[in-house]
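# Predicted model and sequence below, questions to follow.
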Amino acid sequence: MAKNLDILWILPAAYYDLSTVSLDLLLNDSKWNDGTIKTDVKNHILIGYQKQTNATLSQMLEFLYCDPLERCTRKDMCGEVKRQLYCITQEWSVNKPLEVMVDGDWECFLGDLCGLCLEVSKVRFQNARKEFWEKLPEIFGLPKWGVLVGMYGEAVDDAQAMHLGY
Ligand SMILES: [Zn+2]
């Protein structure tokens, strides 16, 4: 894994992808063990790995355990639907924050929410994704996007568009 300046901007996405595999797979990968990755880089990746995993179960799923909406007319029902999905997510892959909810999941798991709660949940999740993406470089000990963008301009927009599905 080269860490040359000309590819610095791809590192956040590369580290993100590395941190979506199981820890077992990562630590037993030949590239991880052949000496090409320096210890300080490995440490940054492992610390980021843990933060990424934590973010998946907390920040990204916050919409499932936040307080009921004041304007929701069936708070018990909506609360129960969200509680059940939160229990299910504990068995899902826990280190893919940007993909923890995919399109089909909304109808499949949250179709019984009232219209208001469903819409607000989607907005909250999208906001959490954006916040996570904005912090991604720092999670792995890299310069902020602003610095990387300043260096490499549009290339980052492309990478962002790719991950956020714009
Ligand atoms: Zn509701």
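Received it, and whenever you're ready, just let me know what you need.

# sec struct for the residue lying farthest from the centre of the chain, please.
Distance from the centre of the chain peaks at residue 73, with 31.2 Å (C-alpha atoms, centre = their mean). Assigned by DSSP: H, G, I helix; E, B strand; the rest coil, the conformation of residue 73 is coil.

# Go ahead and confirm it touches residue 114.
Yes. Using C-beta atoms under 8 Å, residue 73 is in contact with residue 114, at 6.7 Å. Using the backbone N, CA and C atoms, a C-beta is placed for each residue, glycine as well.

# residues in contact with the residue farthest from the centre of the chain?
Listed by C-beta atoms under 8 Å, 6 or more residues apart in numbering, the contact set of residue 73 reads residue 114.

# any idea how far the residue positioned nearest the centre of the chain lies from the ion?
The chain has residue 97 as the residue nearest its centroid, 2.4 Å off, counting by C-alpha atoms, centre = their mean. From residue 97 across to the ion, the span is 25 Å (C-beta to the ion, to the nearest Å).

# ok, longest helix in this protein?
Secondary structure assigned by DSSP state H gives helix 115-139 as the longest helix of the chain.

# after it comes which helix or strand?
Using DSSP states H and E, the helix or strand that follows helix 115-139 in sequence is helix 145-152.
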